[in-house]
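1. quick one: sequence plus predicted model below, questions after.
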Amino acid sequence: MKKLIKGFSFVTAFTLFNIWTLLAYYSANLPDSYYIANGDKLSLNTVIEIEAQMQDKAVQSLKSETLPLSQTATLKLFGLIPVKDVEVLEVETPVLIPGGNPFGIKLLMEGVMVVGMGEVECSDGRICPATEAGIKQGDVIISVDGKKVNSNNDLQKIISESGGSPVNVQINRDGREITFELTPVFSEYSRTYQVGMWVRDSTAGIGTMTFYEPSSGAFGGLGHPICDIDTGSVIPISSGEIVDVKINNVKKGYEGVPGELQGSFISGDAIGILNKNNKYGVFGSLLIKPDTSKAIPMGLKQDVRVGEATILTTVDGTIPKEYSISIEKIDYRNNDTAKNMVIKITDKELLEKTGGIVQGMSGSPIIQDGKLVGAVTHVFVNDPSKGYGVFTENMYELGL
């Protein structure tokens, strides 16, 4: 009897420990808020059954300018044991046209970004006035002595006309505006006044369209921000446009060596206007209207499940093609990144052509169960067949 009691106690303790572990795991890894489609119930794609018990409804547009009213739902393990309370908003989910087509990006920055420092040879020796003033690589110069700076030429003109007198430089550093006093020096080499820094005022590249919204004419692409190649900082934009691109060649990816789509701008004519560059991609409005017959519902984050899916991408010419993938892992947390899921290319044709995910493929839409659920964002350098994807919900909410 004692052995039976000990055995029962051990089983009970083991079971309670496992339940506690599951509760702690799901409490930490499930989001604190969800959108659900109008008329639907919150249903989670978890390995262990998690049931949501909701209260009163509150319907709002996903892009409502007013703060949506919310309802509270209790997530319960096996429908019995409370895990956590979450906020649930019932919304009208948008219908989107999946992209997959490549586009060229032309950006003009809001201000100029400091991308490098150097010394100026002057009568007092070799010095860097910018460094001495406190300016750092990655800073974005907004104005000098109250004059807006939008190009390298703007900055050079003001510095040259200073005559060596101190100027007040207003910069944006990680969202904070700071003003420095900068004193140009006369360069014995160039015979002009200089401050010892290099700046960039524009950038260009190739990406992939993720979606187009017929009701608003808006689009989203890339799934991650455009960052400066030297500083890694997100580029603030004052204006930008996209143009048609033709993919001419693919540089295949290998372990340790990322591949790349290589293309050319078909013409200089803009097909869209850019107005945002943020952590989830680039966004703007199209000047042409795609075929609306290809529109499908946007999937919300809880709609995404581990298993088979497809991506739309273009590796030759201008027409996207559908390829098979597998979603291997999903991070449902509100972790504020573009790495919400791990995907693996399973399509033999795509693996043969590209080796997997390559640069320029970012933004390729991920489709599962007839819904647009995400976009390709990054490649695993040590295994190009794998990479990350971002939820379409995140792109749409922050971009449009």
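-> Yep, it's here. Here the structure is a predicted model, which means the values were calculated and not measured.
2. can you map out the helices along the stretch 301-400 of the chain?
-> 348-354, 392-399 (DSSP state H, counting those that start in this stretch).
3. how is this structure divided into domains?
-> 2-92, 96-106+203-399, 119-195 (automatic domain parsing).
4. end-to-end on the second one?
-> Distance between the boundary residues of domain 96-106+203-399 (CA to CA, to the nearest Å) amounts to 14 Å.
5. just the helices in the stretch 1-150 of the chain please.
-> With DSSP H, counting those that start in this stretch as the criterion, the stretch 1-150 of the chain has helices at 2-29, 129-133.
6. sorry, back to before: buried deepest among the domains of the chain, which one?
-> domain 96-106+203-399 (a mean of 20; mean count of other CB atoms under 10 Å). The C-beta positions use only the backbone N, C-alpha and C, and glycine is treated the same way.
7. confidence-wise, which of the helices of the stretch 301-400 of the chain is weakest overall?
-> Note on the helices of the stretch 301-400 of the chain: lowest mean pLDDT is at helix 392-399, with a mean of 92.
8. now do that one: everything it contacts.
-> Residues from elsewhere that reach helix 392-399, judged by CB atoms under 8 Å, 6 or more residues apart in numbering: 35, 62-63, 94, 96, 210-211, 218, 220, 223, 276, 278-281, 283, 298-301, 338, 340, 365-366, 372-375.
9. switch the cut-off to 6 Å
-> Residues from elsewhere that reach helix 392-399 (CB atoms under 6 Å, 6 or more residues apart in numbering): 220, 276, 278, 280-281, 283, 298, 300-301, 372-374.
10. may I have stretch 374-394 as PDB, with CA atoms only?
-> The C-alpha coordinates for stretch 374-394 follow below in PDB (Å, rounded to 0.1, in the frame of the first residue of the first chain):
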ATOM      1  CA  GLY A 374       3.300  36.700 -44.000                       C
ATOM      2  CA  ALA A 375       6.400  37.700 -46.000                       C
ATOM      3  CA  VAL A 376       9.900  36.400 -46.300                       C
ATOM      4  CA  THR A 377      12.400  38.700 -44.500                       C
ATOM      5  CA  HIS A 378      15.800  37.100 -43.800                       C
ATOM      6  CA  VAL A 379      17.900  34.100 -44.800                       C
ATOM      7  CA  PHE A 380      20.000  31.900 -42.500                       C
ATOM      8  CA  VAL A 381      23.500  32.400 -43.900                       C
ATOM      9  CA  ASN A 382      24.600  29.000 -42.800                       C
ATOM     10  CA  ASP A 383      21.600  27.300 -44.300                       C
ATOM     11  CA  PRO A 384      20.100  29.300 -47.200                       C
ATOM     12  CA  SER A 385      17.200  26.900 -47.500                       C
ATOM     13  CA  LYS A 386      15.900  28.400 -44.300                       C
ATOM     14  CA  GLY A 387      15.000  31.900 -43.200                       C
ATOM     15  CA  TYR A 388      12.600  34.100 -41.300                       C
ATOM     16  CA  GLY A 389       9.100  35.600 -42.100                       C
ATOM     17  CA  VAL A 390       7.100  38.400 -40.700                       C
ATOM     18  CA  PHE A 391       3.300  38.300 -40.100                       C
ATOM     19  CA  THR A 392       1.300  40.200 -42.700                       C
ATOM     20  CA  GLU A 393      -0.800  41.500 -39.800                       C
ATOM     21  CA  ASN A 394       2.300  43.400 -38.400                       C
END
